[in-house]
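K.L.:
here's a sequence, model it:
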Amino acid sequence: RVCAGGMISVRSSALDEDGSAHSFAGQLSSYLYVSSAADAARFMKLCWASAYSDRSIAYRVQNRLSLSDISVAVIFQKMLEPDVSGVMFTCDPANPAEDNYVISSVYGVGEGLVSGLLECDTYWVHAKTGELARADVGACLLVPHADLAEQARQQRAVQLDRAGRLRVRAQLELLHDPDQ
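P.N.:
Sure, this is the predicted structure:
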């Protein structure tokens, strides 16, 4: 085993990623459930190579980013088996004029969310008040574990009560960097 506790994920990030004007989210490859050192080394190289994929190069050209100085960081993380995972944006990527945080969640690992294979629950939380501005609850028809199937049909992946929204808001205010 690569990791004493089990499998790992091999994840990549462009070093010029996530500025105030652009984000490489989903542009580079990541690999989950890696169990051998040989596979970890192979996937590390594939992560580096993904910076030169048609999709990544097109993104760089579209956003007038350097094509000659491309750097990719690759990290190895212990693979987790979450019941729920998700992403949060401190600025709505589809409507930056609104002052909302956007939180999307799915059952299982986040790959189902970023790939679009799973319908997600998405919440728009007003940045200043912590009030729920909008909710779009996915059908959660596909879940990674059979024991979660009934739970998925009965409730949202993440429960955002008022107290939870306010805690998210307070924590973000402490950590918020307008360029991220």
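
K.L.:
what is the burial count for R134?
P.N.:
Counted with other C-beta atoms under 10 Å, the neighbours of R134 add up to 12. The C-beta positions use only the backbone N, C-alpha and C, and glycine is treated the same way.

K.L.:
what's across from it in the sheet?
P.N.:
W124 (DSSP bridges).

K.L.:
just use 7 as the starting number from now, easier for me
P.N.:
Renumbered: residue one is now 7, and that last one reads R140.

K.L.:
that one and H132 touch, don't they?
P.N.:
No. Applying C-beta atoms under 8 Å, one finds R140 not in contact with H132, separated by 9.6 Å.

K.L.:
any shared contact partners between these two?
P.N.:
Shared contacts of R140 and H132, defined by C-beta atoms under 8 Å, 6 or more residues apart in numbering, are found at N106.

K.L.:
the chain: strands as residue ranges?
P.N.:
For the chain, the strands defined by DSSP state E cover 14-20, 37-40, 78-84, 90-95, 106-113, 127-132, 138-142.

K.L.:
mean pLDDT added to these, as CSV?
P.N.:
Shown next, in CSV, are the strands of the chain (pLDDT from 0 to 100):
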stretch, mean pLDDT
strand 14-20, 89
strand 37-40, 92
strand 78-84, 92
strand 90-95, 81
strand 106-113, 84
strand 127-132, 84
strand 138-142, 83
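
K.L.:
using CSV, lay out those together with distance to R70.
P.N.:
Converted to CSV, the strands of the chain look like this (distance: least, C-beta to C-beta, whole Å):
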stretch, distance to R70
strand 14-20, 15
strand 37-40, 30
strand 78-84, 19
strand 90-95, 23
strand 106-113, 26
strand 127-132, 30
strand 138-142, 33
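
K.L.:
excluding sequence neighbours, find me the nearest residue to F82.
P.N.:
Nearest residue to F82 in three dimensions, chain neighbours excluded: I14, at 5.2 Å (C-beta to C-beta, 6 or more residues apart in numbering).

K.L.:
do the same with E87
P.N.:
V115 (7.7 Å).
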